[in-house]
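Novice: Sharing a model prediction with you, sequence too.
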Amino acid sequence: EKRMKLKEEMDNLTHEKILKQGGKLYPDVKLVLETLKKKYKLAIVSNCGDGHIESFIKYYHFENIFDDYIAASKYEISKGDAIKEVIRRNNITNAIFVGDTEKDYDAAKEAKIPFIYAKYGFGKIADDYIYSIDNLKELLIINLIKKTIKNYPFKHIILIIYWRRINERNIINAPWSNNR
């Protein structure tokens, strides 16, 4: 119980810090997300603490950008199951997961959806991904990505973009955050 109380206190402090400070975003993040939003559904899937995603969305005024979000840790489920839940509750037939760690890749495999490796991010993964990007702006060439992923029908796409809190110095670490 003491451990749970400490975790809750840390989550609350982080939540407040995100609301006050946000984080340093990569260049063109808002432009990229707004452009993608015109054609695709966007969601955040994360293992972060309860309230962190909401704080991030509120701080950057992204309420009209993201269709859905889920913090897997809140529901004590895997990130792969969190992806499946976002897909289920939004009636999505096709999705792409964008992430930068082996765990992100594993989550995409668990959810049985293609994975795009954000090479500019935090982690390294094996060379077993289908597509990689060197910056977030490359997501705007999604038609090229569609051609790269053979035998995957792209009528509707949700780009499930991960969110991760690493530590108190790096509050927002995601493909759009430059807190390294």
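Specialist: The structure has been received and is ready for your questions.

Novice: Okay, strands next: where are they in the chain?
Specialist: Ranges of strands within the chain are 41-46, 68-71, 95-99, 115-118, 131-133, 158-163, based on DSSP state E.

Novice: Could you dump these into JSON lines and include mean neighbour count?
Specialist: Backbone N, C-alpha and C define where each C-beta goes, glycine included. Formatted as JSON lines, the strands of the chain follow (neighbours: other Cβ atoms under 10 Å):
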{"stretch": "strand 41-46", "mean neighbour count": "24"}
{"stretch": "strand 68-71", "mean neighbour count": "21"}
{"stretch": "strand 95-99", "mean neighbour count": "25"}
{"stretch": "strand 115-118", "mean neighbour count": "26"}
{"stretch": "strand 131-133", "mean neighbour count": "17"}
{"stretch": "strand 158-163", "mean neighbour count": "25"}
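
Novice: Going by mean pLDDT, which of those comes out lowest?
Specialist: Lowest mean pLDDT within the strands of the chain: strand 158-163, at a mean of 51.

Novice: who wins for proximity to Phe56 among the strands of the chain?
Specialist: strand 158-163 (6.8 Å; Cβ to Cβ).

Novice: Restrict the longest helix along the chain to CA atoms and write it as PDB.
Specialist: Taking DSSP state H as the criterion, the chain has its longest helix at helix 2-21. C-alpha atoms of helix 2-21 as PDB (Å, rounded to 0.1, in the frame of the first residue of the first chain):
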ATOM      1  CA  LYS A   2       2.900   2.400   0.800                       C
ATOM      2  CA  ARG A   3       4.300   1.700  -2.700                       C
ATOM      3  CA  MET A   4       1.000   2.500  -4.300                       C
ATOM      4  CA  LYS A   5       0.700   5.700  -2.400                       C
ATOM      5  CA  LEU A   6       4.200   6.800  -3.400                       C
ATOM      6  CA  LYS A   7       3.400   5.900  -7.100                       C
ATOM      7  CA  GLU A   8       0.200   8.000  -6.900                       C
ATOM      8  CA  GLU A   9       2.100  11.000  -5.400                       C
ATOM      9  CA  MET A  10       4.700  10.700  -8.200                       C
ATOM     10  CA  ASP A  11       2.000  10.500 -10.800                       C
ATOM     11  CA  ASN A  12       0.300  13.600  -9.400                       C
ATOM     12  CA  LEU A  13       3.600  15.600  -9.300                       C
ATOM     13  CA  THR A  14       4.400  14.600 -12.900                       C
ATOM     14  CA  HIS A  15       0.800  15.400 -14.000                       C
ATOM     15  CA  GLU A  16       1.200  18.900 -12.500                       C
ATOM     16  CA  LYS A  17       4.600  19.400 -14.000                       C
ATOM     17  CA  ILE A  18       3.300  18.500 -17.500                       C
ATOM     18  CA  LEU A  19       0.400  20.900 -17.100                       C
ATOM     19  CA  LYS A  20       2.800  23.700 -16.200                       C
ATOM     20  CA  GLN A  21       5.800  23.000 -18.400                       C
END
